[in-house]
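In: 3D model of this:
(one chain, ligands or ions: 2)
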Amino acid sequence: MTKKNQTLGEFIIENQTSFQYSTGELSKLINAIRLAAKVVNHEVSKAGLVDILGAAGDTNIQGEDQQKLDVLANEKFIQALTNREIVCGIASEEEDEFISINSNDKNHQNKYVVLIDPLDGSSNIDVNVSVGTIFSIYRRVTPIGTPVQLEDFLQPGRNQVAAGYIIYGTSTMIVYSTGDGVNGFTLNPAIGSYYLSNPDIKIPEDGKIYSVNEGHYVHFHQGVKDYIKYCQKEEGDRPYTSRYIGSLASDFHRNMIKGGIYMYPKSSKQEEGKLRLLYECNPMAFLAEQAGGKASDGYMPILDIQPKELHQRVPFFCGSKNMVDKVEEFIQKAN
Ligand code: AHM
Ligand code: MG
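Out: Ligands and ions are numbered 1, 2, ... in the order given. I've put the predicted structure just below:
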């Protein structure tokens, strides 16, 4: 049940019991992410003051070392999740290995693992363009009471129990799903609360926006080149509009609201593509499907891919269902 003007805190409490495995643990977890997001938001919003406060790598006035924002965001999310003792393990795009949380035995009793990209699109920070955090939550598959294992993290995206993203943009938003639709909340910075601003988001079945880094065009495979030419062709409701921010959360968010397709194909320069299956593609694919859209690697649903390693990359096509169907058609035809 969703109500306008509801805060995220109220929403979490009200919807806690509708979640199939509900014991309150997942709600606490979402709560921890919401709090860490406020801290990161505060830091990101100061990024433009770098000339005044000092750049990453400098020493600030108190003699403390300034941290790069992606490192800081990584620390804040890991801290928020570790301190509250609500997960048994974390994997982060910023860390080579997964983290097993075992400061005391009680932590092995927790059943969730979190995978996170703490600050996605961080090259955009220097130029005051939106960045985001992307997260994904699974139930562990190894027995409760033992330390987490790699296999707890290498689950197909279909097993996600929740996923979402935070956008640090013109306003700060958290958009997430626990498998029962997608809801978006906007932070009121004056009060420090997130309010339900986009209840039950649905991606339009068709869209008119395509988002891809066309600078790589010559390196794309033929099917993707053909699809881009199709998007640009004067016919029916085409040409489509090209929009590319270079921040996945923002590009995905716009396309989800307006209808569109986001693409990061493989190319002769990046044989596996660029985006990470576990930290970027799976959470977005989960949200896309929950909102009635689609996500594919060109051949199969992203959510059905069996991951082989933590930092695996994968080609990614995601958004309005009919647009993703179309690009798959072009890719498979060109083979
Ligand atoms: P990052 O995890 O290093 O920040 O890279 C991920 C980002 C996505 O947010 C964005 O869609 C993409 O990389 C942009 O890449 P490119 O600059 O190659 O177009
Ligand atoms: Mg990233």
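In: What about the closest residue to ligand 2 within the stretch 151-300 of the chain, how many residues nearby?
Out: Using C-beta to the ion, the single residue of the stretch 151-300 of the chain nearest to ligand 2 is E280, 5.3 Å away. In this view, the C-beta of every residue, glycine as well, is placed from N, C-alpha and C. Neighbourhood size, E280 [other C-beta atoms under 10 Å]: 26.
In: so what pLDDT did it get?
Out: Note for E280: predicted pLDDT of 98.
In: again, but for D70
Out: The predicted local confidence for D70 is 88.
In: need the strands for the stretch 201-335 of the chain, in chain order.
Out: Remark: strands assigned in the stretch 201-335 of the chain by DSSP state E, counting those that start in this stretch are 209-211, 241-242, 261-264, 294-296, 316-319.
In: Pick the most buried one from the ones you listed.
Out: Scoring the strands of the stretch 201-335 of the chain by mean neighbour count under mean count of other C-beta atoms under 10 Å gives strand 316-319 as the most buried, with a mean of 29.
In: That one pairs with which strands?
Out: strand 261-264 (antiparallel), strand 294-296 (antiparallel) (DSSP bridges).
In: can you list those strands in JSON lines and add mean pLDDT and distance to ligand 1?
Out: Shown next, in JSON lines, are these (pLDDT from 0 to 100; distance: least, C-beta to the nearest ligand atom, whole Å):
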{"stretch": "strand 261-264", "mean pLDDT": "98", "distance to ligand 1": "6"}
{"stretch": "strand 294-296", "mean pLDDT": "98", "distance to ligand 1": "14"}
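In: Now tabulate those strands in CSV and tack on distance to I209.
Out: Shown next, in CSV, are those (distance: least, C-beta to C-beta, whole Å):
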stretch, distance to I209
strand 261-264, 7
strand 294-296, 15
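In: Minimum distance to C88: which of the ones you listed has it?
Out: strand 294-296 (27.3 Å; C-beta to C-beta).
In: distance between stretch 321-334 and the chain's centre?
Out: Centre-to-centre, stretch 321-334 and its host chain are 23 Å apart (C-alpha atoms, centre = their mean, to the nearest Å).
In: same thing with stretch 192-209?
Out: Distance of stretch 192-209 from its chain centroid, counting by C-alpha atoms, centre = their mean, is 15 Å.
In: do the same with stretch 316-326
Out: Distance of stretch 316-326 from its chain centroid, counting by C-alpha atoms, centre = their mean, is 17 Å.
In: Quick check, the residue in the stretch 1-150 of the chain closest to ligand 2?
Out: Residue nearest to ligand 2 within the stretch 1-150 of the chain (C-beta to the ion): D120, separated by 3.7 Å.
In: For that residue, grab phi and psi.
Out: Here is the backbone geometry of D120 (degrees, to the nearest 10): phi -90, psi 140.
In: how many other residues sit next to it?
Out: That count, for D120 with other C-beta under 10 Å as the rule, works out to 25.
In: List the contacts of it.
Out: D120 makes contact with 93, 131-134, 165, 247-249, 279-280, according to C-beta atoms under 8 Å, 6 or more residues apart in numbering.
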